[in-house]
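Peer 1: what would the 3D arrangement of this be:
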Amino acid sequence: MCLAIPALIKSIEGKEAEVEIGGITRRISLWLTPEAKVGDYVLLHTGYAISIIDQQEAEETLRLFAEIAEETR
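Peer 2: Take a look at the predicted model:
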């Protein structure tokens, strides 16, 4: 099973972006989503943005991940 998580693009430089996930920033590849822009949410898998998703879907997914994490504590 593969897992992709929503990440918010904060800046773009060439084919790489800096994204924010739960207060943590990471550099990722945009090779698979060259149309992505600052402010977009992308699904992140193994360091690659694999698709662009809307803000509502991203926020709901992040909320569910937080709920699951809380239940497993």
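
Peer 1: wait, what's in contact with Gln55?
Peer 2: Taking CB atoms under 8 Å, 6 or more residues apart in numbering, we find Gln55 in contact with Tyr41. For the C-beta atoms, the positions are set from N, CA and C on the backbone; glycine is no exception.

Peer 1: max-length strand in the protein?
Peer 2: In terms of residue count, the longest strand belonging to the chain (DSSP state E) is strand 5-13.

Peer 1: give me the element Arg63 is part of.
Peer 2: Using DSSP states H and E, Arg63 sits in helix 55-71.

Peer 1: residues of the worst-scoring helix or strand of the chain on mean pLDDT that come out buried?
Peer 2: Least confident element among the helices and strands of the chain, by mean pLDDT, DSSP states H and E: helix 55-71 (a mean of 92). For helix 55-71, a neighbour-count test (16 or more other CB atoms under 10 Å) marks Ala58, Thr61, Leu62 as buried.

Peer 1: gap between the most centrally placed residue in the chain and Ala66?
Peer 2: For the chain, the residue nearest the mean C-alpha position is Ala7 (1.9 Å; CA atoms, centre = their mean). Distance, Ala7 to Ala66, using CB to CB, to the nearest Å: 15 Å.

Peer 1: got the buried residues for stretch 2-14?
Peer 2: Applying 16+ other CB under 10 Å to stretch 2-14 flags Ala4, Pro6, Ala7, Leu8, Ile9 as buried.

Peer 1: in the sheet, who's paired with the second one?
Peer 2: When bridges are called by DSSP bridges, Pro6 pairs up with Leu43.

Peer 1: that one against Ile53, yeah?
Peer 2: Yes: applying CB atoms under 8 Å, one finds Pro6 in contact with Ile53, separated by 6.3 Å.

Peer 1: what touches both of the two?
Peer 2: Looking at what touches both Pro6 and Ile53 (by CB under 8 Å, 6+ apart), the common residues are Tyr41, Val42, Leu43.
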